[in-house]
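# Dropping the sequence and predicted coords here.
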Amino acid sequence: MFCWGSSKHAMIQVSWNVSRDAFSDSSSSNIAAIDFATTSDSTKRVALFGLGGTIASWPAQGASTAVIPSMEANTLVESVPGLESIARVESRTLRTMSSANISFADLFEVADAIHEALASGVDGVVVTQGTDNIEETSFALDLLIRDERPVVVTGAMRNPSLAGADGPANIRAAVAVAASPLARGLGTLVVMNDEVHAARFVRKTHLSKLSAFTSPQCGPLGIVVEGRVHLYTRVESLVTASPVGDVAPVALVRCVLGDDGRIVSALPGLGYRGLVLEGFGGGHIPEVMVERLVEVVAAMPVVLASRTGAGVVLESTYGFAGSEVDLLSRGLLSAGSLDGLKARVALTLVLTSTGNRGESESRFRAIVEAIG
């Protein structure tokens, strides 16, 4: 039986008035005309993995308000009233860290733990972490997990010591989605503020609001109301990646006013194996950058994304030097509807999966095409 061990702490009320001894000392989609809903089912099993972040943070000893990640995963589970009516949650702490410190190596370990939990027969998985880079980590898991059962990433915008802390509600909604058969086959999801987002589309668009997470490309897939999961849109599963060896370093560079390309010229000498370039608008760069970029393309795969963060990179509209037509003809790969952050995640994983450039570029194109 898959079991993360017995609880060490008493039930905590929703006010999150917890004592310090409860903490550790460690530092374009296919649209379907549907409105399905599921109710809770306490016979469901959900594994929950804690990585730290705001949702697990509490003022440090001797500090007045500054918080650090310190809460164990089982403490988070026990803080959610009535969670047992939705599913039997089996928790495990993998990290107690700021999301700024999460690496691809950490995510590979998380993916292994998720596969282990799924192999044990759980109905779904929840990962709690800091929100700073959920749009990247969730998409990485989207490409790493080889199972149709739901994997849901959530966090909190307000730490537990603040009035109106959103952690318990987000965990409850995330568990409801992870336990829902309707969420099968959708890849990794992000559940925040009672909204269900596809990892491939979600972005953090505000630094502090509870409604910080949005999906500019298509909107949320659904919502959670009174514990019921309502889905209005579905997406197809993506091609998965199987990393081997060391993580391939991939740079992300944004074009800016007056850019001359000196930064991109330096990348091959710094050991990078790939580049994602966020161009202006539909995928444009200053003409003065073109020749420098051509030299980089000869050394590594280069992906062309848009710095706007929404829409699809153009392919055949503009023909001037530095336009999308010009750049794609010179061997750049289109990011399609992926923004720069997610394109970098995808390129990193495909380059880490194979040392063959042609194969890695083919796999990247397959991901872009699957997203639409």
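Arrived safely.

# Would you mark the buried spots in stretch 213-227?
Buried residues in stretch 213-227, defined by neighbour count with 16 or more other Cβ atoms under 10 Å: Phe213, Thr214, Ser215, Gln217, Cys218, Pro220, Leu221, Gly222, Ile223, Val224, Gly227. Yep, even glycine has a C-beta here, placed from its N, CA and C like the rest.

# Just the closest of the residues you listed to Ile367, please.
Of all those, Ile367 sits closest to Gln217, with 14.9 Å by Cβ to Cβ.

# Surely that closest one is in contact with Ser337?
Yes - assessed by Cβ atoms under 8 Å, Gln217 is found in contact with Ser337 at 5.9 Å.

# Do a quick rundown of the strands in the stretch 201-350 of the chain.
203-204, 213-214, 222-225, 228-231, 250-254, 274-279, 302-306, 333-334 (DSSP state E, counting those that start in this stretch).

# mind listing what the third one pairs with, with the direction of each?
Put plainly, it is strand 222-225. Looking at strand 222-225 with DSSP bridges, its partner strands are strand 195-198 (antiparallel), strand 228-231 (antiparallel).

# would you turn the ones you listed into a markdown table with mean neighbour count, mean pLDDT and distance to Glu78?
Converted to a markdown table, those look like this (neighbours: other Cβ atoms under 10 Å; pLDDT from 0 to 100; distance: least, Cβ to Cβ, whole Å):
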| stretch | mean neighbour count | mean pLDDT | distance to Glu78 |
| --- | --- | --- | --- |
| strand 195-198 | 25 | 98 | 24 |
| strand 228-231 | 20 | 97 | 23 |
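
# Can you check which of those strands gets nearest to Leu257?
Taking Cβ to Cβ, strand 195-198 is the member of these nearest to Leu257, at 31.8 Å.

# Low-confidence regions, the stretch 101-250 of the chain specifically.
For the stretch 101-250 of the chain, no stretch has pLDDT under 70.

# ok, now which ones touch Ser242?
Ser242 is in contact with Ser353, counting by Cβ atoms under 8 Å, 6 or more residues apart in numbering.

# thinking again about what came up before, can you put the strands paired with strand 222-225 in CSV and add distance to Gly322?
Putting those into CSV (distance: least, Cβ to Cβ, whole Å) gives the following:
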stretch, distance to Gly322
strand 195-198, 32
strand 228-231, 42
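
# right, so of those strands, which gets closest to Arg357?
Of all those, strand 195-198 comes closest under Cβ to Cβ, at 29.0 Å.

# So what's the residue count around Ala241?
25 (other Cβ atoms under 10 Å).
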